[in-house]
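A.B. asks: starting from these lines, generate the structure:
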Amino acid sequence: MNKIRPALMGSDAIKGTVCRLALAVSAGLLAQHASAAGFYLSEVGSPASLGTGGVANPTNTFGADAAWTNPAGMTGLDEDQIFAGFQAVIPKVEFDSSAAAAGGSDGGNAGNTAFIPSFFYVNRFNDRTRLGISLVAPQGGGVNYGDDFVGRYQTSKAELAAVGISPSVGFKVNDRLSVGAGVSIIYTKYEQNIAINQAALAGPGTPDGKVRIEDATDWGYQPFLGITYQATDRALLGVVYRAEADVDLEGDVNFRNLVIPKPALNEVDISWNNPQWLEAGLKYRLTDKDFLFLNGGWQDCSEFSKNELAFEAGNVATLDRQWDDTWHAGVAYLRLEGQERGYSVGFSYDSSPVEDEHRTFDLPVDEIYKLSGAYFWKGGKQLDYSVGATLYMIGDAEIDVVSQGVRAAGEFDSNYILFLGGTVRYMF
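C.D. replies: Okay, the predicted model is just below:
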């Protein structure tokens, strides 16, 4: 075995090298649960979203979750209402390697199961005005491939959590037109682990080191606007716009298992833009019991494409992920069985924001197909309940990357994400 030779590089050279390595692979940002094509989660733990794959969101005029999905829809509620939801997110994210220059494992199921609560409240302030507040997790998730993963020199673990509290208001202009607005105050936390290829720096046989980005957090805000218009007695149109939002995380940088001299890097700033989002929908009453929902939308994901990292001492770089804008479309059906119960089913599609040659392990996104359904029933005088599920079927995302001089290639094996949830609604 060759001797480990840390003296091959000076401290400044090693510092610069490790900076370049981290800058080239760090900004993992959103991982597993956003590894559908869409940037935001449309499932917010309510039957209108979870039971229709998000298709009913822009024309939601019947639930307190309209406080987040479309604040103009709150004017459709004739009484105060509370919605509390809870959902489990169960992913399968497995990689099948075809090239692994540095060896290693395929990582098994890298997805992290998560449990996400949600809360919505709408107050009937007066005949025309509704006030609302919501608490949802619009983004988040994680991948954990393990330290021996074939793509460890790009990422071995990445986790993101984003929680937003959103006050909103809806106003009925007339019997046909309502408008609404709100702002999401979002807390974001991000962490990532990356292996350091010390063999390339200090000679063959040198074990991997590790750089960890920890406790990178930020408070930010994102305004949103909504409109509903009753075009005919049967047809309701809805439009929702969410503005672009800046994310500026500040976190710690820690190194582990270094043989080479430790770089004098302790803090990092990570910046990106949450893309703007425009969505439109139609709710059409087929009969007194049957409703059809259609929706379509666009997300400005190309704006997210550039991720900036800044270490102290002026080390700054921008990573361009080569992302494109995405679009989505869906259809859903809802059936009421009298006043006591009902069900919904939905199907939707999201395009992929990235071509195969630009895909990365921290964000293995691809196109996605969603299948969803929900069942709801009335309980006591002022309570009703629902259960629902949405299945994200993600394409076989291909990856072929070179990180720190090491190539890893293959594809993800028919990944999916299953959302299971339930809600309780209280009207008073």
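A.B. asks: okay, strands next: where are they in the stretch 251-400 of the chain?
C.D. replies: Shown for the stretch 251-400 of the chain, the strands assigned by DSSP state E, counting those that start in this stretch span residues 267-274, 277-285, 290-299, 306-311, 315-320, 326-337, 341-350, 368-378, 383-394, 398-403.
A.B. asks: model confidence over the first one, on average?
C.D. replies: Averaging pLDDT along strand 267-274 gives 85.
A.B. asks: quick revisit: how about the strands of the stretch 251-400 of the chain in CSV, adding distance to residue 64 and mean neighbour count?
C.D. replies: The C-beta positions use only the backbone N, C-alpha and C, and glycine is treated the same way. Below are the strands of the stretch 251-400 of the chain laid out as CSV (distance: least, CB to CB, whole Å; neighbours: other CB atoms under 10 Å):
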stretch, distance to residue 64, mean neighbour count
strand 267-274, 24, 20
strand 277-285, 17, 20
strand 290-299, 18, 20
strand 306-311, 35, 19
strand 315-320, 40, 14
strand 326-337, 17, 19
strand 341-350, 17, 21
strand 368-378, 14, 20
strand 383-394, 12, 20
strand 398-403, 41, 17
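A.B. asks: and these: which comes nearest residue 179?
C.D. replies: strand 277-285 (14.8 Å; CB to CB).
A.B. asks: residue 148 and residue 104 touch, don't they?
C.D. replies: Yes - look at residue 148 against residue 104 with CB atoms under 8 Å: they come within range, at 4.9 Å.
A.B. asks: compare these two (neighbour count), which wins?
C.D. replies: For residue 148 versus residue 104, neighbours defined as other CB atoms under 10 Å are more numerous around residue 104 (22 against 14).
A.B. asks: so residue 394 touches residue 416, yeah?
C.D. replies: Yes - at 6.3 Å, residue 394 counts as touching residue 416 under the criterion of CB under 8 Å.
A.B. asks: export stretch 388-397 to PDB, keeping only CA atoms.
C.D. replies: As requested, the backbone C-alpha atoms of stretch 388-397 are provided in PDB (Å, rounded to 0.1, in the frame of the first residue of the first chain):
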ATOM      1  CA  GLY A 388     -57.100   9.600   1.600                       C
ATOM      2  CA  ALA A 389     -54.000   8.500  -0.400                       C
ATOM      3  CA  THR A 390     -51.800   9.700  -3.300                       C
ATOM      4  CA  LEU A 391     -49.200   7.600  -5.000                       C
ATOM      5  CA  TYR A 392     -46.400   9.400  -6.800                       C
ATOM      6  CA  MET A 393     -45.000   7.100  -9.600                       C
ATOM      7  CA  ILE A 394     -41.600   8.500 -10.500                       C
ATOM      8  CA  GLY A 395     -39.800   7.700 -13.700                       C
ATOM      9  CA  ASP A 396     -36.600   5.600 -13.900                       C
ATOM     10  CA  ALA A 397     -34.400   8.600 -13.500                       C
END
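A.B. asks: who's in contact with it?
C.D. replies: 35-36, 43, 47, 50-51, 53, 344, 346, 352, 356, 359, 364-375, 411-422 (CB atoms under 8 Å, 6 or more residues apart in numbering).
A.B. asks: I'd like the distance from it to the chain centre, please.
C.D. replies: Taking CA atoms, centre = their mean, to the nearest Å, the mean C-alpha location of stretch 388-397 is offset from the chain mean by 14 Å.
A.B. asks: for residue 95, what are phi and psi?
C.D. replies: Here is the backbone geometry of residue 95 (degrees, to the nearest 10): phi -110, psi 140.
A.B. asks: what's across from it in the sheet?
C.D. replies: residue 412 (DSSP bridges).
A.B. asks: next, the distance between the ends of stretch 200-211.
C.D. replies: Start and end residues of stretch 200-211 are separated by 16 Å (CA to CA, to the nearest Å).
A.B. asks: which positions within that stretch qualify as buried?
C.D. replies: 200, 201, 202, 203, 206, 208, 209, 210, 211 (16 or more other CB atoms under 10 Å).
A.B. asks: can you tell me which of the residues you listed is closest to residue 218?
C.D. replies: Minimum distance to residue 218 across the buried residues of stretch 200-211 is 20.3 Å, recorded for residue 211 (CB to CB).
A.B. asks: and the pLDDT at the closest one?
C.D. replies: 88.
A.B. asks: pLDDT weak spots in the stretch 1-150 of the chain?
C.D. replies: For the stretch 1-150 of the chain, applying pLDDT under 70 flags the ranges 1-39, 45.
A.B. asks: swap the cut-off to 90 and go again
C.D. replies: 1-51, 53, 62, 85-87, 89, 91-94, 101-102, 107, 110-117, 137-143 (pLDDT under 90).
A.B. asks: where along it do the strands fall?
C.D. replies: Assigned by DSSP E, counting those that start in this stretch, the strands in the stretch 1-150 of the chain fall at 81-92, 95-100, 114-124, 129-144.
A.B. asks: among those, which comes closest to residue 339?
C.D. replies: Nearest to residue 339, of all those, is strand 81-92, at 16.4 Å by CB to CB.
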